[in-house]
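In: Need a 3D model of the sequence below.
(4 chains)
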Protein chains: 2
Amino acid sequence: MAQSAVDVQRALGETLYGLVVVAIRGRSRDISLTSASTMSTLSRTGPLRLTDLAAVEGIAQPSMTSLVTGLERAGLVERRPDPADRRVVLVALTDAGREHLRTRRQHGAERLAALVDQLSEEDRAALAAALPALHRLHELGNPPTREETA
Amino acid sequence: MAQSAVDVQRALGETLYGLVVVAIRGRSRDISLTSASTMSTLSRTGPLRLTDLAAVEGIAQPSMTSLVTGLERAGLVERRPDPADRRVVLVALTDAGREHLRTRRQHGAERLAALVDQLSEEDRAALAAALPALHRLHELGNPPTREETA
DNA sequence: AATCTCTATATAGATGGCCTATACTTCTTC
DNA sequence: GAAGAAGTATAGGCCATCTATATAGAGATT
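Out: Numbering: from 1, shown residues only, chains lettered A, B, ... in the order given. Below you'll find the predicted structure:
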């Protein structure tokens, strides 16, 4: 073994952390990171209760209320009643929201592309090979949605 | 070719973006992301002018002034005069800052480790293989420091 | 060497995202 | 049907960031 699992994780931690900052630094400032992530979540899961959404995104419920209000005002999401429970607000992505999300992703991908382009053939191949692993890593840290919290 | 370079970049973009959010979500709230990144930068480059630091971190100079003031109050960095130019403030990491940085990195690595542990042997190997590429990607997006802006 | 202009940092004031505490509405259970 | 639980909204505060501007020193031109 060339390096222990711990070393890999430590190096991964620092490197990904650095990439995080790069990614955030260059991001467009039209909406907050959490707003973008929220829309991304909605895109993956479909409509969610406001409280669940707050839990998934790791922010307090009142914060999600105001975030959703903002996105709603911008026409990117909509509030829907839950026929089964009238206390509930279901938050759903609108068509405009989906469109916005797509554009934003393209932007991010383009910025990264500019960097990836500067890598060697070998490095690109290594990244491509690691993509499934990165994707699963993401899923692990970002549970799809638990109906049951148990 | 199984997938084009553009596909790789797009997928990388989305996946890394998701990881970003995961990373940020769980982070300790003792200091801001930018503060942590600033200390990390100082650790890599050594003492820097306040203005350069602001440029590297992608925030406005007055924001860096207040960020540094906070870190200084916490004993993590110090302001030093530049003997060659008395307008200048050089910001340097203190020993406490270095220590803090190390602890923080360990924390981040541990959180990621918990996720990485849940991956298959194969996935871990792929990540390990991609580490150099990820590292270079980070460096590309995070230039060491340009004395010359040209 | 007096002054003019440019550069480096600091201060003031505003904005936005997040928080806790709490009020309000609807559901559930006895 | 009354009491407590659950889902959302409102109120008020904190902190990181921004723009505009003030202050101090450097460099150049007379």
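
In: Export the longest strand along chain A to PDB, keeping only CA atoms.
Out: Secondary structure of chain A read by DSSP state E shows that its longest strand is strand A:85-93. C-alpha atoms of strand A:85-93 as PDB (Å, rounded to 0.1, in the frame of the first residue of the first chain):
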ATOM      1  CA  ASP A  85     -52.700  18.300   5.400                       C
ATOM      2  CA  ARG A  86     -53.600  22.000   5.200                       C
ATOM      3  CA  ARG A  87     -50.800  23.100   7.500                       C
ATOM      4  CA  VAL A  88     -48.300  22.000   5.000                       C
ATOM      5  CA  VAL A  89     -46.700  23.900   2.200                       C
ATOM      6  CA  LEU A  90     -45.200  21.900  -0.600                       C
ATOM      7  CA  VAL A  91     -42.400  23.700  -2.500                       C
ATOM      8  CA  ALA A  92     -42.000  22.900  -6.100                       C
ATOM      9  CA  LEU A  93     -39.700  24.000  -8.900                       C
END
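
In: what about the strands in chain A?
Out: Using DSSP E, strands in chain A cover A:48-49, A:77-82, A:85-93.

In: Run through who's touching the longest one.
Out: Strand A:85-93 is touched from outside by A:39, A:42-43, A:46-50, A:53, A:68, A:76-82, A:101, with contacts defined as C-beta atoms under 8 Å, 6 or more residues apart in numbering or on different chains. The way it works is simple: take the backbone N, C-alpha and C, and place the C-beta from them, glycine included.

In: follow-up on the earlier one: switch the strands of chain A over to JSON lines; also include distance to A:Ala125 and mean neighbour count.
Out: Output for these, formatted as JSON lines (distance: least, C-beta to C-beta, whole Å; neighbours: other C-beta atoms under 10 Å in any protein chain shown):
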{"stretch": "strand A:48-49", "distance to A:Ala125": "38", "mean neighbour count": "18"}
{"stretch": "strand A:77-82", "distance to A:Ala125": "39", "mean neighbour count": "15"}
{"stretch": "strand A:85-93", "distance to A:Ala125": "35", "mean neighbour count": "15"}
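
In: Quick check, A:Arg124 in contact with B:Ala130.
Out: No - contact criterion C-beta atoms under 8 Å: A:Arg124 and B:Ala130 do not qualify, at 10.1 Å.

In: more neighbours, those two?
Out: Legend: neighbour count by other C-beta atoms under 10 Å in any protein chain shown for A:Arg124 and B:Ala130, higher for B:Ala130 (23 against 19).

In: The spatially closest residue to A:Ala133 that is not a sequence neighbour: neighbouring residues, count only.
Out: Nearest residue to A:Ala133 in three dimensions, chain neighbours excluded: B:Asp123, at 3.7 Å (C-beta to C-beta, 6 or more residues apart in numbering or on different chains). Neighbourhood size, B:Asp123 [other C-beta under 10 Å]: 18.

In: wait, isn't B:Asp123 in contact with A:His138?
Out: No - the criterion here is C-beta under 8 Å, and B:Asp123 misses it with A:His138 at 11.8 Å.
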